[in-house]
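> Based on what follows, work out the 3D shape:
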Amino acid sequence: MPEELGMEPPVEVRTQPDAVAPWQHTAFLIVVLTLWSIYGMVRLFLPTAGPPRLMVYTSSMIVQYLLVGSTIAGLYHRRQFVSDVLGGLSVEGLATDFGRGFGVFLGGLAVMLGVGLPVRLLFHPHDHSAVVQALRPHTPAELAIWVLVSLTAGVCEEFVFRGYLLRQFHRWTGSVGLAIAVSTLVFGCMHFYEGPAAVVQITGLGAWYAVVAVRRGDLRSVMVAHFLHDAFTGTILYLHK
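Just a heads-up that it's a prediction; the model follows:
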């Protein structure tokens, strides 16, 4: 025994639990996202005249930043987590990341088409809900702000859903498939304001992003794809007058 040999007993090394953040932090985040989803459902079924679009766009970006900030605040190892999520980010690799992200974007369109065509036969035939139509950009200035909103959503939402939640659920359950399913379901519910058919499509898109994120080990290409998808959607809405 160490004591019998005149040696000090080994010091117990305490490490952080094998989780991304405390469970209380994740529970709080889930509550916030649930309330956000409920708000989207209310907007869908009880549409009312809202504030000016530029104000909505700006407030949306602010909410996204606050969501990411509160997510980062609860992490155990902030710098390491952000580094793991973003991978080897560099200016030289931006072109490669964009190219890969464009490929993920095209794959996402295929997924949405494959999921959406049969699903839309069961729901209302309109392409977009009244809420989405009210949000669509009407002027070049609004379209430019929409692109900024798309960039914000691409970075922030992927950080929260395919970065934080996907990793946290994986650490908790030990199952990649279950982690993908749960984080993707939460992501899909966040888009109830677009209508039930869109929720199913976006859930499929979220699953595609999650699979790519798991296989690649970083979110850069998925963030680019998410940004391109939202920007493309806004452009189509702008042109479809």
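> Which helix in the protein has the most residues?
helix 94-120 (DSSP state H).
> Can you name the element that comes right after that one?
Going down the chain from helix 94-120, the next helix or strand is helix 130-135, by DSSP states H and E.
> got the angle between the next helix or strand after that next one and helix 94-120?
The first helix or strand that comes after helix 130-135 along the chain, using DSSP H and E, is helix 140-158. Comparing the axes of helix 140-158 and helix 94-120 via axes from the mean of the first three to the mean of the last three Cα atoms, to 10 degrees yields an angle of 90 degrees.
> Return the helix or strand in the chain with minimum mean pLDDT.
helix 130-135 (a mean of 78; mean pLDDT, DSSP states H and E).
> Pretty sure R162 sits against S221.
No - if you go by Cβ atoms under 8 Å, R162 and S221 don't touch, sitting 11.0 Å apart. C-beta: built from backbone N, CA, C; applies to glycine.
> So between those two, which is more surrounded?
R162 (27 against 24; other Cβ atoms under 10 Å).
> Spatially, which residue comes closest to the more buried one, not counting chain neighbours?
Excluding the flanking residues, the one nearest R162 by Cβ to Cβ, 6 or more residues apart in numbering is A213, at 4.3 Å.
> how many other residues sit next to that neighbour?
If we define neighbours as other Cβ under 10 Å, then A213 has 25 of them.
> State the helix or strand in which it lies.
helix 196-216.
> Check which helices and strands that helix is in contact with.
helix 94-120, helix 166-173, helix 176-189, helix 220-239 (3 or more Cβ pairs under 8 Å, 6 or more residues apart in numbering; DSSP states H and E).
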